[in-house]
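> coordinates only, sequence not included:
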């Protein structure tokens, strides 16, 4: 059985970990400040922002632990190591975004019918502090969020919280200068809707990876057709393609040969297959089972 793996560099892991740690500390400070300020001022929007910030702290800790676990080596009991840890972290973080959003929206509906007078000065100052703190964290994580689902989940938590803080600041100004206190509940509802919108896509994508679905960019039939153009391949069947994590797409397949070739000949053809699927389809981990005149299902997809 042939097997090959194209490696990836992990040189940014330490930097990712450092940036996450800085963001964790900043968000702990912001959360404590907002909880105290929300209780003193009576602002639900500020307390809801604090709750979101607290979920940020938890999500960042999960992301940080996942980053550390991702460095651990494989073993006989964990043959893939902890490569799925960051995808699992992304799933948990996306799910908490949606749950927090629902809690905020329920609270907002209750407050909308019973608006309360709020100490707006405190709301304004604490919102400004949160914007600065989260803004700095967003800049720290932005680069890694582009190609890492775990870092993207942490980045989205922080970005949505920064935007929520901007909304709270606007609400504080409206309450201070126009005494429009119902805006506190309206802003909380808007924050909740936005959280669901941001969390849903990430929840869907991480679920697909955990369920071993074929990545959207991969067209199985085209891959099979292109491999069949190589000599002396007769048929490609029993194909499985899945994404292990952000960096690895795996493929396994049974390949029928037209002739009873030598093992050394198979090795040469295997190299061609590996290079072909890697450069044309981005698949970097190939596992091929060679066959000749074997009586089994020749369907491309076989239900195991």
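All right, it came through fine. This one's a predicted model, so the numbers in the text were calculated from it and none came from an experiment.
> average pLDDT across the helix or strand hosting residue 144?
Using DSSP states H and E, the element containing residue 144 is helix 120-145. Averaging pLDDT along helix 120-145 gives 87.
> skip ahead from it and say which helix or strand is next.
Immediately after helix 120-145, counting by DSSP H and E, sits helix 149-178.
> list the buried residues of that following helix.
149-169, 171-175 (16 or more other C-beta atoms under 10 Å). Bear in mind the C-beta positions are built from the backbone N, C-alpha and C, glycine included.
> ok, which stretches of the stretch 151-300 of the chain are strands?
Using DSSP state E, counting those that start in this stretch, the strands found in the stretch 151-300 of the chain span residues 233-243, 249-257, 285-291.
> packing partners for the shortest one?
Read that as strand 285-291. For strand 285-291, the contact count by 3 or more C-beta pairs under 8 Å, 6 or more residues apart in numbering; DSSP states H and E identifies strand 2-5, strand 249-257, helix 263-281 as packing neighbours.
> contacts for stretch 251-265?
By C-beta atoms under 8 Å, 6 or more residues apart in numbering, the surrounding residues in contact with stretch 251-265 are 223, 227, 232-241, 266, 269, 273, 277, 283, 285-294, 296, 298.
> off-centre distance for stretch 210-218?
Offset of stretch 210-218 from its chain centre (C-alpha atoms, centre = their mean, to the nearest Å): 14 Å.
> for stretch 145-155, same thing?
On the basis of C-alpha atoms, centre = their mean, stretch 145-155 sits 6 Å off its chain's mean C-alpha point.
> number of nearby residues for the nearest residue to residue 62 once chain neighbours are set aside?
Leaving aside its sequence neighbours, residue 62 sits nearest to residue 89 (C-beta to C-beta, 6 or more residues apart in numbering; 4.7 Å). Other residues within reach of residue 89, judged by other C-beta atoms under 10 Å, total 27.
> kindly report the same for the one 4 residues further on.
Residue 93 is flanked by 28 other residues according to other C-beta under 10 Å.
> and the pLDDT for the residue nearest to the spatial centre of the chain?
Closest residue to the average C-alpha location of the chain: residue 149 at 3.0 Å, with C-alpha atoms, centre = their mean. According to the predicted model, the pLDDT of residue 149 comes to 76.
> list the contacts for it?
Contacts of residue 149 (C-beta under 8 Å, 6+ apart): 86-87, 90, 202, 205-206, 209, 246.
> measure how far stretch 172-182 is from the centre of its chain, please.
37 Å.
> which other residues reach it?
So stretch 172-182 is contacted by 43, 112, 115-118, 120-121, 123-124, 127, 183-184 (C-beta under 8 Å, 6+ apart).
> and those residues, which two are furthest apart?
Distances among the contacts of stretch 172-182 were taken as C-beta to C-beta; the most separated pair is 112 and 121, at 23.0 Å.
> same drill for these two, tell me which one is more crowded.
With neighbours defined as other C-beta under 10 Å, residue 112 and residue 121 compare such that residue 112 has more, 15 against 12.
> surely the more buried one touches residue 187?
No: applying C-beta atoms under 8 Å, one finds residue 112 not in contact with residue 187, separated by 10.7 Å.
> between the contacts of stretch 172-182, which has the most around it?
Going by other C-beta under 10 Å, residue 43 tops the contacts of stretch 172-182 with 31 neighbours.
> go ahead and confirm that one touches residue 184.
Yes: using C-beta under 8 Å, residue 43 is in contact with residue 184, at 5.8 Å.
> any idea how far residue 260 is from residue 229?
21 Å (C-beta to C-beta, to the nearest Å).
> got it, and residue 70?
37 Å.
> now swap in residue 242 and tell me
For residue 242, the distance to residue 229 equals 24 Å [C-beta to C-beta].
> one step back: what secondary structure does the residue nearest to residue 62 sit in?
helix (DSSP: H, G, I helix; E, B strand; the rest coil).
> number of nearby residues for the residue lying closest to residue 250 once chain neighbours are set aside?
Taking C-beta to C-beta, 6+ apart, and ignoring the residues beside it in sequence, residue 250 has residue 285 as its nearest neighbour in space, at 4.3 Å. Using other C-beta under 10 Å, residue 285 is surrounded by 20 other residues.
> is residue 120 in contact with residue 42, as I believe?
No: contact criterion C-beta under 8 Å: residue 120 and residue 42 do not qualify, at 10.1 Å.
> rewinding a little: what pairs with the residue nearest to residue 250 across the strands?
residue 5, residue 250 (DSSP bridges).
> how close does it get to residue 233?
On the measure of C-beta to C-beta, residue 285 and residue 233 end up 20 Å apart.
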